[in-house]
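Asker: got a predicted structure here, sequence first:
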Amino acid sequence: MAQLTVTIDRLTLNNPVMTASGTFGYGFEFDDFIDVNALGGIVVKATTEEHREGNKYPRMAETSQGMLNAVGLQNKGIAYFRNAIYPALRKYTTKVIANVSGSTIDSYVAVAEIMNELDHISAIELNISCPNVKEGGMAFGTRCSSAAEVTKAVRKVYAKTLIVKLSPNVTTIGDIALAVEDSGADAVSLINTLLGMAIDVNSRKPKLSTITGGLSGPAIKPVALRMVWQVARTVKIPVIGIGGIASASDAIEFLLAGASAVQVGTANFINPGITIEIIEGINQYLDIQGFASVNDCIGALITE
Amino acid sequence: MHTKKQILDLQVIKHTSLNNHHVVLTCTSEKKLPKLLAGQFAEISAGDTAGTFLRRPFSIHDYNMEMNTVSFLIQIKGNGSASIGSLQPGESMNVILPLGNSFCMPAEGEKVLLTGGGCGVAPLLLLAKSVIAAGASCDILIGARDEENLMETEELSELGTLFTTTEDGSEGIKGFVTDHPVMQELKEKYSKVYSCGPDPMMKAVATIAEESGVDCEVSLENTMACGIGACLCCVTETTEGHKCVCTDGPVFNSKTLQWHN
């Protein structure tokens, strides 16, 4: 059996398979189906400074090999997270990572400061890429200057591993990745959802209340893989690959392209046990290919 | 009282066509089925060939613990439901169940009214059986476009007095469910009303129930992805903010819903 342990900055993961924020709740929703502690880590639903109700229904539209969502960061705010959710998260022995979002730099900082005090939160993932909110979110992640500014501000108050989650809705993702690396990010994760849209032709109305939403699922995997490959060649910090991963083979593609770990997202909705199958599949692949460690296949893409 | 949710393969043992776009699939499992309650649902995979991406949610239509069977009433609307609805005895389908909350049972001796519109009769069969098992009794009022779309009338009429309405008047009272005279006697005859059907129908039933001072539970059918409370896509507005239809519902007391505003 090959060695599956990977490291992201100071964070040691038992295996490279994590769950993507917004697709795995707080982990509890999956306790009936899998041993959550068998995962490399879980990234829990985004937390903002204030309670948010999110966008109006309808928030979801199925598409070819994917789905659009417009949830809009529904969560009960950092105070509720700290008082009611965090104590329950302490039962997990796997690494728990908190996704942090906001509408202003101050609100990102406010959440990060509290997360920094929570021992059992091993890292935060700065969400500068949510396409479904009017203010903040993706607005920070689509320009180098604002991405750098929010990363720097959070870096000042957050001492543990700081991951920045990047938006694919940009012209050159490598430039944004470099900007956040220079501003103190310890790792980058990518991609968040691609901005998309769907229309009901009979009613001539958009299928989402917000008109546009974020596309996820297997449909976006080739785009995500290309971006992970580009970013992994551009920055020195670890890259976490996300986007349409639904099998071990998908996950391995991201590792070969240079990702040190992966996050499984939308596939959790269809098969709540998929992450465990992916870990088993990676293990088998490493054995068959004769890799002693998963680290040997990270960035092992052969291009010549 | 949490029953563990499971992913399992069900084997179809009976395919009953109700009309040209509704099918009842009766299924069994090699493993013992978890306890299923009236109002709960399952997320059913349409399989690899349907060309769909997400699972499809369907109410538990009937459940027999001794026989280890569960049935679903499938309305064929698109590629996913067409694929599921075409399954024949001997074929299998992958499901996640039990999902969602359930209808609150009446107290012993109470009499309740079950109302359903179109394929909204789906959860009413198990509901009627459960009401009787709880020592209460029920009348059942179902409505549809026409006679052909009044479904499961034989089974339902064995469980209580069955009232029917059709929009074209081909069977029962002509009009909507809410046009039936029994809707004007809620306070006198029933301690509670249950409703499942299109949103406008449930809203109309709930309005009459509330005006009559009778408690009303409705079963919502919002578009959903995961069915387990992870994606937060299927929310409905309630007096306590957005709630997931998949985990906080699908059954809600009508007074907690904000749909009247």
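Answerer: That came through, no problem. Residues are numbered from 1 along each chain as shown, chains lettered A, B, ... in the order given.

Asker: could you find the closest non-adjacent residue to the closest residue to chain B within the stretch 201-304 of chain A?
Answerer: Nearest to chain B, among the residues of the stretch 201-304 of chain A, is A:F269, at 3.9 Å (Cβ to the nearest Cβ). Any C-beta I mention is one placed from the backbone N, CA and C, and that applies to glycine too. Take A:F269 and drop its neighbours on the chain: the residue closest to it by Cβ to Cβ, 6 or more residues apart in numbering or on different chains is B:C226, 3.9 Å away.

Asker: count the neighbours of that neighbour for me.
Answerer: 29 (other Cβ atoms under 10 Å in any protein chain shown).

Asker: in the sheet, who's paired with B:T26?
Answerer: Using DSSP bridges, the bridge partners assigned to B:T26 are B:K14, B:S71.

Asker: scratch that, A:I199
Answerer: A:P206.

Asker: which elements pack onto the helix or strand bottoming out on mean pLDDT in chain A?
Answerer: Lowest by mean pLDDT, DSSP states H and E among the helices and strands of chain A is helix A:138-141, with a mean of 86. On a contact count with 3 or more Cβ pairs under 8 Å, 6 or more residues apart in numbering or on different chains; DSSP states H and E, helix A:138-141 meets helix A:144-157.

Asker: same for the helix it packs on, what does it pack against?
Answerer: If contacts are counted by 3+ Cβ pairs under 8 Å, 6+ apart, helix A:144-157 sits against helix A:105-117, strand A:121-127, helix A:138-141, strand A:161-165, helix A:173-182.

Asker: now the angle from it to strand A:121-127?
Answerer: Helix A:144-157 runs at 160 degrees relative to strand A:121-127, counting by axes from the mean of the first three to the mean of the last three Cα atoms, to 10 degrees.

Asker: and the average pLDDT for helix A:144-157 is what?
Answerer: The average pLDDT within helix A:144-157 is 97.

Asker: again with stretch A:265-280
Answerer: Stretch A:265-280 comes out at a mean pLDDT of 98.

Asker: any buried residues in the longest helix anywhere in chain A, and which?
Answerer: Determined from DSSP state H, the single longest helix within chain A is helix A:274-289. Buried residues in helix A:274-289, counted by 16 or more other Cβ atoms under 10 Å in any protein chain shown: A:I274, A:T275, A:I276, A:E277, A:I278, A:I279, A:G281, A:I282, A:N283, A:Y285, A:L286.

Asker: same list, these, but as CSV with distance to chain B please.
Answerer: CSV is the format used below for the buried residues of helix A:274-289 (distance: Cβ to the nearest Cβ, whole Å):
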residue, distance to chain B
A:I274, 10
A:T275, 12
A:I276, 11
A:E277, 11
A:I278, 15
A:I279, 17
A:G281, 17
A:I282, 21
A:N283, 21
A:Y285, 22
A:L286, 26
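
Asker: any chance of CSV for those residues, columns distance to B:N253?
Answerer: Below are those laid out as CSV (distance: Cβ to Cβ, whole Å):
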residue, distance to B:N253
A:I274, 35
A:T275, 36
A:I276, 38
A:E277, 39
A:I278, 41
A:I279, 42
A:G281, 45
A:I282, 47
A:N283, 48
A:Y285, 51
A:L286, 53
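
Asker: can you pull the residues of the stretch 51-200 of chain A lying near chain B?
Answerer: A:53-54, A:56-67, A:69, A:71, A:74 (Cβ under 8 Å from any Cβ of the partner chain).

Asker: now, the residues you listed that are in strands?
Answerer: Taking DSSP state E as the definition of strands, those contribute A:M60, A:A61, A:E62, A:T63, A:G66, A:M67, A:N69.

Asker: among the residues you listed, who's most crowded?
Answerer: A:N69 (29 neighbours).

Asker: need the pLDDT of that one.
Answerer: The model's pLDDT for A:N69 equals 97.

Asker: from the ones in strands among the residues of the stretch 51-200 of chain A next to chain B, pick the one nearest chain B.
Answerer: A:M60 (3.6 Å).

Asker: wait, B:K14 touches B:T28, no?
Answerer: No. B:K14 is beyond contact range of B:T28, at 9.5 Å (criterion: Cβ atoms under 8 Å).

Asker: could you pull up the residues touching B:G143?
Answerer: B:G143 sits next to B:115-118, B:150, B:164-167, B:172, B:176-177, B:180, B:197, B:201 when contact means Cβ atoms under 8 Å, 6 or more residues apart in numbering or on different chains.

Asker: I should have written A:G174 there, sorry.
Answerer: By Cβ under 8 Å, 6+ apart, the neighbours of A:G174 are A:Q230, A:V231, A:R233, A:T234, A:V235.

Asker: okay, now the third one: neighbour count?
Answerer: A:R233 is surrounded by 12 other residues when neighbours are defined as other Cβ under 10 Å.

Asker: once you drop chain neighbours, what's closest to the residue of chain B most remote from its centre?
Answerer: Most distant from the centre of chain B: B:T49, at 27.0 Å, with distances by Cα atoms, centre = their mean. Using Cβ to Cβ, 6+ apart and skipping the chain neighbours, the partner closest in space to B:T49 is B:S83 (6.8 Å).

Asker: give me the number of residues near the residue in the stretch 1-150 of chain B positioned nearest to chain A?
Answerer: Residue nearest to chain A within the stretch 1-150 of chain B: B:K5 (4.2 Å; Cβ to the nearest Cβ). For B:K5, the neighbour count with other Cβ under 10 Å is 20.

Asker: and the gap between it and B:A133?
Answerer: Between B:K5 and B:A133 the distance is 23 Å, computed by Cβ to Cβ, to the nearest Å.

Asker: identify the residues contacting the nearest residue to the residue of the stretch 1-150 of chain B closest to chain A once chain neighbours are set aside.
Answerer: Once flanking residues are discounted, B:K5 sits nearest to A:D32: 4.2 Å by Cβ to Cβ, 6+ apart. When contacts are counted by Cβ under 8 Å, 6+ apart, A:D32 touches A:P272, B:K4, B:K5, B:Q6.

Asker: and stretch A:256-276, C-alpha only, in CSV?
Answerer: What follows is stretch A:256-276, C-alpha atoms only, in CSV (Å, rounded to 0.1, in the frame of the first residue of the first chain):
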residue,chain,number,x,y,z
LEU,A,256,-0.5,14.8,-12.3
ALA,A,257,-1.2,18.3,-13.4
GLY,A,258,0.5,19.6,-10.2
ALA,A,259,-2.2,19.7,-7.5
SER,A,260,-0.9,18.6,-4.0
ALA,A,261,-4.5,17.7,-3.0
VAL,A,262,-8.0,17.8,-4.4
GLN,A,263,-11.4,18.7,-3.3
VAL,A,264,-14.5,16.8,-4.3
GLY,A,265,-17.6,18.9,-4.7
THR,A,266,-20.8,18.4,-6.7
ALA,A,267,-20.2,14.6,-6.9
ASN,A,268,-21.1,14.4,-3.2
PHE,A,269,-24.6,15.3,-4.2
ILE,A,270,-25.0,12.3,-6.4
ASN,A,271,-23.1,9.8,-4.4
PRO,A,272,-22.5,10.7,-0.8
GLY,A,273,-19.9,7.9,-0.5
ILE,A,274,-17.9,9.0,-3.6
THR,A,275,-14.9,10.5,-1.6
ILE,A,276,-14.1,7.1,0.0
